[in-house]
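# sharing a model that was predicted from the sequence below.
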Amino acid sequence: MIHRILLSLLILVLVVLPGQLLAQSGLRIPPPSDLEARNYVIMDHLSGMVLAERDADARVEPASLTKIMTAYLVFKEIERGVISLEDEVRISERAWRTGMEGASRMFIEVNTRVKLADLLRGLIVQSGNDASVALAEHVAGTEGAFVDLMNAQARALGMVNSHFTNSHGLPTEEAQYTSARDMALLAQALIRDFPGHYGYYSERNYTYNGITQSNRNLLLWRDSQVDGLKTGWTRAAGYNLVSSREQDGMRLVAVVMGLDAPSHQQGGIKRANESQALYSWGFRQFETHRLYEAGAMLTDARVWKGATERVPLGLTDDLYVSLPRGRYNDLQAQMELDAQLEAPVQAGAVYGEVQLVLDGEVLARRPLVAMESVETGGIFRRLVDTVLQMF
């Protein structure tokens, strides 16, 4: 039976404040109280901490926010070398007709060939429904097969309240839905996984087929530190915006959804205003620090019956934390380690955890893994350790 021993080690002064724990710890800093968005999230990009939320897990129509997932999968296939920005993509009648059905289109023509890089700008800058279908068909053969990839990717990213039925977000008979939290997770993943392609989201205008269209994200004109991502609207979904802003090395992702307005112009202004209010609040109230690099040893543990007696333990990923300004020195870390750790020990396997504690309350946990393998020791070492374990 494996026993666990609590080692109260003051290894650092830090905090992670997951959104669901803020209220319990008494550290909740109220966000702007007059926001009208039915659903919103503001998340720190590096730590993944949710600073504030409202009905963040409610299932709502995704509208054109769907296109963030479409772009994610296209970027993924480019990085895999399966497709290229230079590909000439044939435009099907289905893609062309989809463009005719909605207000957002790139104005591509049926049976023509369009460079994939142009389609990406049509998707991201112009929000073209026609570009969405053309890209989906180029990646997966059919839009239906591409939708399967979208939903599989959503599951892989932990988007538990999302289901897609097409590549563009226009309403369908089958229910499609997402949540503010899921959109924040998707935006975080896209920025993290594809930094070389993320620049498309900061482009303000794009001209194709002699027609210039502007990015509907008004924040790109208002704030030079905002560099993405996507707007959306349907009658059922209301006015939505997923955006990101970086300031002094700290990046926040904001999602506002379900805003009502009498016109598209006013809806665009309102979603930009509410996003700006969240950014102003978030950057003013919180700060983010990298405390450990991936692979850094935090402690070591006794290994029984091993070729060596101790194994270093650490983290698999960089550890970033977000905390309310001024609370850095109030927090500490504790570690729980497996006391009866027997060889063989495998590098990367979990043998304990770091607990981040404030006022006696555990706020977050991270697994401690072995930084190297330890083989089984010789017969003498095994006999000695067997005796020692008995006492």
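Sure, I can see it.

# which residues in the stretch 101-250 of the chain form helices?
In the stretch 101-250 of the chain, the helices defined using DSSP state H, counting those that start in this stretch lie at 116-124, 129-140, 143-156, 180-193, 219-222.

# how far off centre is the shortest one?
With CA atoms, centre = their mean, to the nearest Å as the basis, the distance from the averaged C-alpha position of helix 219-222 to the chain average is 22 Å.

# tell me which of the helices of the stretch 101-250 of the chain is the most buried.
Most buried of those by mean neighbour count (mean count of other CB atoms under 10 Å) is helix 129-140; its value is a mean of 27. From N, CA and C alone the C-beta is placed, and that goes for glycine too.

# now do that one: which elements does it pack against?
If you count contacts as 3 or more CB pairs under 8 Å, 6 or more residues apart in numbering; DSSP states H and E, helix 129-140 packs onto helix 66-80, strand 88-90, helix 93-101, helix 116-124, helix 143-156.

# send the alpha carbons of it over as CSV?
Extracted C-alpha coordinates of helix 129-140, given in CSV (Å, rounded to 0.1, in the frame of the first residue of the first chain):
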residue,chain,number,x,y,z
ASN,A,129,-18.5,31.4,-45.2
ASP,A,130,-17.5,30.4,-48.7
ALA,A,131,-13.9,30.3,-47.8
SER,A,132,-14.7,28.2,-44.8
VAL,A,133,-16.3,25.4,-46.9
ALA,A,134,-13.5,25.6,-49.5
LEU,A,135,-10.9,25.1,-46.8
ALA,A,136,-12.8,22.3,-45.1
GLU,A,137,-13.2,20.4,-48.4
HIS,A,138,-9.5,20.9,-49.2
VAL,A,139,-8.4,19.5,-45.8
ALA,A,140,-10.8,16.6,-45.5
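
# which among the helices of the stretch 101-250 of the chain is found nearest to Gly232?
Closest to Gly232 of the helices of the stretch 101-250 of the chain is helix 180-193 (CB to CB; 9.3 Å).

# average pLDDT for that closest one?
Per-residue pLDDT over helix 180-193 has a mean of 98.

# what angle sits between it and helix 66-80?
30 degrees (axes from the mean of the first three to the mean of the last three CA atoms, to 10 degrees).

# give me the contacts around helix 180-193.
Identification of contacts with helix 180-193 by CB atoms under 8 Å, 6 or more residues apart in numbering yields 39-41, 43, 45, 48, 50, 53-58, 60, 62, 65, 68-69, 71-72, 75-76, 154, 157-162, 198, 228-229, 242, 244, 251, 253, 255-257.

# may I see the ChimeraX selection of the buried members of the residues you listed?
Buried members of the contacts of helix 180-193, defined by 16 or more other CB atoms under 10 Å, are picked up in ChimeraX with:
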select :39,40,41,43,45,48,50,53,54,55,56,58,60,62,65,68,69,71,72,75,76,154,157,159,161,162,198,228,229,242,244,251,253,255,256,257
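
# how about the helices and strands packed on helix 129-140, which one is nearest Asn273?
Nearest to Asn273, of all the helices and strands packed on helix 129-140, is helix 66-80, at 21.4 Å by CB to CB.

# quick one: distance of that closest one to the chain centre.
From the chain centre to the centre of helix 66-80 is a distance of 14 Å (CA atoms, centre = their mean).
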